[in-house]
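Visitor: need a structure here:
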Amino acid sequence: MSTYKHLIFALVALLGLSSLSMAAGKDKPAYHAGEYGLTEDQYAVFPIPLGKYEKQVNENGDMDLGATLSYRAKQQNGFNLVATIIFVCAILHTFLAGIFMRMAHHEEEKHSKRIEAEGRTAEAKPHEGAKDDVSFKAHLYHFLGEVEAIFGIWVAALVISMYYFFGIQGEGILGIADGYNQIKLYFAKDVNFIEPVFVVIIMAISATRPVVRFAERIIGSVARVFGGGTAAWWISVITIAPILGSFITEPAAMTISAMLLSKRFFDKKPSTLFAYATLGLLFVNISVGGTLTHFAAPPVLMVAQKWNFGLGYMFMNYGIKAIVGIIIANALYFIAFKKQFAALSNNQDAEDRKVLWEDREDPIPFMVTFTHLAFLGWTVLSAHYPPLFITGFMFFIGFTQATGHHQNDVSMKSPLLVGFFLAGLVIHGKCQSWWIEPLITSIDNQYILMIGSTVLTAFNDNAAITYLASQAPGLSITAKYAILAGAVTGGGLTVIANAPNPAGQSILGKYFDGGVAPFKLMLAALVPTFIMGACFMLIKSDGMTNDPLKKYEDEAKAKTEKVHAEAEAAQEH
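Guide: Numbering: from 1, shown residues only. Next comes the predicted model:
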C-alpha cells in the first residue's frame with residue numbers, strides 16, 4: 001500500500017475522530033433526548049422529530065395518510081419535500097450510471113486520438129517520466145458514472161438546500177453563517193458515520209490475502225466434496241459465505257464472497273444473464289444470511305435491543321428460515337444454469353493464463369493468518385467504538401508492511417468509495433423519515449406490511465427502514481416481525497438496499513459492461529427475494545405472534561412483584 005493511500009485513510013480516520021470530539025462541544029441541542037420521542041439529543045433544527053408533527057386523522061380517528069404526507073411535506077417551508085426530491089434524483093442517477101460510463105469511454109477514445117495527433121502523449125514529450133495529457137471531461141463523466149460516488153455527489157445539492165432553507169431564506173446573504181452552523185451541527189452531531197467507517201475498515205481487512213486464502217481453504221474443503229469444479233465452488237461460496245455473515249458481519253461476508261466468486265466464477269466469463277443472476281442471488285443471500293444472530297446485520301442491530309430480539313429469537317424465527325430460503329434459491333438457480341456450468345468448466349482461458357503475483361499460491365505462515373483473523377475479530381468486537389477499531393486498523397497496516405512478502409497491496413480505493421457511498425446514504429436517509437414512517441405505520445395487514453417494507457427497502461437502506469419502525473410506538477409483534485422480514489428480504493433488490501451491497505458491486509462491477517445496471521440487478525434478485533419472503537411469512541414460528549419484549553416485561557414485572565411480596569412477608573414476621 002503506497003504512502004499517499006496511508007495518508008488518505010489517516011485523514012479520513014482523523015476526520016471521523018474529530019467529528020466525535022466535536023460532539024462533546026458546548027453547542028445546545030435544538031431538541032432534547034426524551035422530547036418528542038427522541039432517544040438522544042438532536043442539535044440541528046432539521047429534520048423535525050417525528051413526535052413533533054401534528055396527527056392528521058380522518059373521520060374515524062385513524063391516520064389520514066394523504067393528509068399526513070401533505071402536511072409534513074410543507075413543514076419548514078418545504079424543506080422535507082425538497083430533500084426527498086434530491087434523494088429521488090440520486091436514486092434515478094444510479095440508473096443512469098452506465099450511460100455516463102459509456103460517455104467517459106467515448107471521450108477517452110477521442111482524447112487519445114487527439115493528443116496523439118497533437119504530440120501531447122508521454123512519448124512525444126522530452127521530459128523523463130512524462131505523462132499523457134488527461135481529459136477533464138472524460139474524468140468528469142467517469143466520476144458521474146461511479147455508483148459509489150452518486151449519493152455523495154447529491155449531498156452537495158442537499159447542502160445547498162440546507163443553506164437556503166435554514167440560512168439565506170430567513171436573512172438573505174447574512175444568513176449564510178446560520179445555514180453553515182445548522183449544516184455543521186447536522187453533519188458533526190446528528191448523523192452517525194460509524195457504520196461507513198466500520199465498513200471501510202472491515203472491507204480492507206477482509207480483502208487481504210491471508211483472510212481470503214483462509215476463507216478459500218474453508219469453503220474449498222466443501223467444494224472438493226462436490227468435485228471441486230466451477231459449479232462446486234459457486235454453490236459453496238453462495239451458500240456458506242452468506243451464513244458466515246451472521247458471525248463475521250455482513251460486510252466482511254460480502255467482501256470475501258465477492259473476492260472468491262471473482263476468482264472462481266466471474267474470471268471464467270459467464271454469460272451476462274448468469275452473471276446478473278449470481279450477483280442478485282449473492283446480494284439477497286447476504287442480506288438474509290446475517291439474521292442467524294442479532295449483531296451482524298445492520299437492520300437487525302437497529303431493533304434488536306429495543307424490541308428484545310435476542311440471539312435465540314433471531315435464530316429460531318429468522319435464521320432457520322433464512323437457511324431454508326438460501327438452500328431453495330441456490331438449488332433453483334443451480335438447476336436453471338446447470339448447462340452453463342458445464343461450459344464454464346470447459347473454459348480454459350482463466351485456467352491457462354499466466355499466474356499473477358496477486359494470485360500466487362505459496363503458503364502463508366499460520367501466525368500471519370492468525371494475526372489477520374485476530375484483527376478482523378477485534379474490528380467486529382469493537383464495531384460500535386470507532387477509536388478502538390480505527391486504532392486497531394493502524395496497527396494492522398503496520399503488520400502488513402512488516403509481513404509484506406506474504407501480502408498483496410491493501411487496496412483502499414474500493415473501501416473508501418463504499419464508505420463514501422454509505423456516508424452519502426445516511427446523510428440523505430435521515431431526512432426521509434417524514435414520509436417513510438407514516439407509510440410503514442399506516443398498514444395493518446402483516447403480509448402487505450411485509451411487502452411494503454420490502455419495496456421501501458429497494459429505495460432506501462434497510463437499516464433505515466427498521467430504525468424508523470423502531471421509533472413508532474405501540475407496534476404489534478406481527479408488525480415488528482413483518483417489517484424486519486421485509487427489510488432483510490428486500491436487501492438484494494438494489495445496490496442501496498443493504499449496506500454491504502456497494503462492497504460487492506465495487507469488487508464485481510468490472511465484470512459487467514458499463515457497470516452493474518440497476519434494473520437488471522433488480523430483475524435478477526426478484527426470484528430469490530420472493531423465495532425468502534415466502535419462507536419468512538409462510539413458515540410459522542412462535543415468535544411471529546409472541547412478543548419477546550412483552551414476555552421480558554411480564555417476567556420483570558412478576559419478578560418485581562415477587563420481591564415486593566417477599567419483602568412484605570418479611571416485615572410481617
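Visitor: In a strand, His93, correct?
Guide: No. Using DSSP: H, G, I helix; E, B strand; the rest coil, the assignment for His93 is helix, not a strand.
Visitor: which residues does it contact?
Guide: 144, 150, 153-154 (Cβ atoms under 8 Å, 6 or more residues apart in numbering). Where you see a C-beta, it was placed from the backbone N, CA and C, and this is true even at glycine.
Visitor: Reformat those residues as CSV; add secondary structure.
Guide: CSV is the format used below for the contacts of His93 (three-state DSSP):
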residue, secondary structure
Leu144, helix
Ile150, helix
Ile153, helix
Trp154, helix
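Visitor: Please give the centre-to-centre distance between stretch 195-212 and its chain.
Guide: In terms of Cα atoms, centre = their mean, to the nearest Å, the centre of stretch 195-212 is found 13 Å from the chain centre.
Visitor: Then stretch 116-131?
Guide: Using Cα atoms, centre = their mean, the offset of stretch 116-131 from its chain centre is 43 Å.
Visitor: in the stretch 351-500 of the chain, which spans are strands?
Guide: Remark: strands of the stretch 351-500 of the chain are absent; assignment by DSSP state E, counting those that start in this stretch.
Visitor: just to revisit the earlier point, between the contacts of His93, which is nearest Leu244?
Guide: Ile150 (29.6 Å; Cβ to Cβ).
Visitor: The closest one: neighbour count?
Guide: Neighbour count for Ile150, taken as other Cβ atoms under 10 Å: 28.
Visitor: need the contact list for it.
Guide: Ile150 neighbours (Cβ under 8 Å, 6+ apart): 90, 93-94, 97, 144, 421, 424.
Visitor: most surrounded residue in these?
Guide: Phe421 (27 neighbours).
Visitor: Quick one: neighbours of the closest residue to that residue other than its chain neighbours, just the number.
Guide: Spatial nearest neighbour of Phe421, chain neighbours left out: Glu148 (4.1 Å); criterion: Cβ to Cβ, 6 or more residues apart in numbering. Neighbour count of Glu148, defined by other Cβ under 10 Å: 23.
Visitor: gap between the helix or strand harbouring Glu148 and the chain center?
Guide: For Glu148, the enclosing helix or strand under DSSP states H and E is helix 147-163. From the chain centre to the centre of helix 147-163 is a distance of 18 Å (Cα atoms, centre = their mean).
Visitor: average pLDDT for whichever helix or strand comes after it?
Guide: Counting by DSSP H and E, the element after helix 147-163 in chain order, helix or strand, is helix 169-171. Here helix 169-171 scores 77 as its mean pLDDT.
Visitor: ok, residues contacting helix 169-171?
Guide: So helix 169-171 is in contact with 77, 175, 178, going by Cβ under 8 Å, 6+ apart.
Visitor: SS state for the second one?
Guide: In other words, Gly175. Using three-state DSSP, the three-state assignment for Gly175 comes out as helix.
Visitor: sec struct for Asp133, please.
Guide: coil.
Visitor: which residues touch Ile323?
Guide: 243, 292.
Visitor: going on from the helix or strand containing it, what's the next piece of helix or strand?
Guide: Ile323 is located in helix 320-336, with elements delineated by DSSP H and E. Using DSSP H and E, the next helix or strand after helix 320-336 towards the C-terminus is helix 338-345.
Visitor: neighbouring contacts of that following helix?
Guide: By Cβ under 8 Å, 6+ apart, helix 338-345 touches 229-231, 234, 265, 268-271, 274, 334.
Visitor: repeat that with 7 Å
Guide: 229-231, 268, 270-271, 274 (Cβ atoms under 7 Å, 6 or more residues apart in numbering).
Visitor: Give the ChimeraX command for selecting the buried subset of these.
Guide: A single ChimeraX command selects the buried members of the contacts of helix 338-345 (16 or more other Cβ atoms under 10 Å):
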select :230,231,268,270,274
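Visitor: The residue nearest to Phe421 touches Leu416, doesn't it?
Guide: No. Using Cβ atoms under 7 Å, Glu148 is not in contact with Leu416, being 8.8 Å away.
Visitor: Measure how buried the closest residue to Gly78 other than its chain neighbours is and give me the count.
Guide: Nearest residue to Gly78, sequence neighbours excluded (Cβ to Cβ, 6+ apart): Phe165, at 7.7 Å. Using other Cβ under 10 Å, Phe165 has 22 other residues around it.
Visitor: can you check Val212 too?
Guide: Val212: 19 neighbours (other Cβ under 10 Å).
Visitor: Report the secondary structure state of it.
Guide: Val212 - assigned by three-state DSSP - is helix.
Visitor: Tell me who's in contact with the closest residue to it other than its chain neighbours.
Guide: Leaving aside its chain neighbours, Val212 sits nearest to Met259 (5.0 Å; criterion: Cβ to Cβ, 6+ apart). Residues in contact with Met259 (Cβ under 7 Å, 6+ apart) are 207, 212, 507.
Visitor: May I see those organised as TSV, with pLDDT and distance to Ala499 added?
Guide: Output for these, formatted as TSV (pLDDT from 0 to 100; distance: Cβ to Cβ, whole Å):
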residue	pLDDT	distance to Ala499
Ala207	83	16
Val212	85	20
Ile507	88	15
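Visitor: so which of these comes closest to His111?
Guide: Nearest to His111 among the contacts of Met259, with distances taken as Cβ to Cβ, is Ile507, at 28.0 Å.
Visitor: Go ahead and confirm that closest one touches Leu261.
Guide: No. Checked against Cβ under 7 Å, the pair Ile507 and Leu261 is beyond contact range at 8.7 Å.
Visitor: I'd like to check the angle between the helix or strand hosting Ala277 and helix 338-345, please.
Guide: Per DSSP H and E: Ala277 is located in helix 272-289. Relative orientation of helix 272-289 and helix 338-345, computed by axes from the mean of the first three to the mean of the last three Cα atoms, to 10 degrees: 110 degrees.
Visitor: Could you list the buried residues of helix 272-289?
Guide: 274-289.
Visitor: In terms of secondary structure, what does it contact?
Guide: In this structure, helix 272-289 makes packing contacts with helix 230-248, helix 250-264, helix 320-336, helix 477-489, helix 501-508, helix 518-538, judged by 3 or more Cβ pairs under 7 Å, 6 or more residues apart in numbering; DSSP states H and E.
Visitor: Give me the mean pLDDT for it.
Guide: Average pLDDT, helix 272-289: 96.
Visitor: Following element in sequence after that helix, please.
Guide: As assigned by DSSP H and E, the chain's next helix or strand after helix 272-289 is helix 298-304.
Visitor: Show me what that following helix packs onto, helices and strands only.
Guide: Using 3+ Cβ pairs under 7 Å, 6+ apart: helix 298-304 touches helix 462-471, helix 477-489.
Visitor: Helix 477-489 and the first one, what's the angle between them?
Guide: Taking the same axes, to 10 degrees, one finds helix 462-471 and helix 477-489 inclined to each other by 170 degrees.
Visitor: Need the residues that contact helix 462-471.
Guide: Applying Cβ under 7 Å, 6+ apart, the contact partners of helix 462-471 are 37, 50, 298-299, 302-303, 306-307, 429, 433, 436-437, 440, 453, 456-457, 475, 483-484, 487-488, 490-491, 497-499.
Visitor: ok, now the last one?
Guide: Residues from elsewhere that reach helix 477-489, judged by Cβ under 7 Å, 6+ apart: 287-288, 291, 297, 299-300, 303, 307, 440, 446, 449-454, 457, 462, 465-466, 469, 529, 532-533, 536-537, 543-547.
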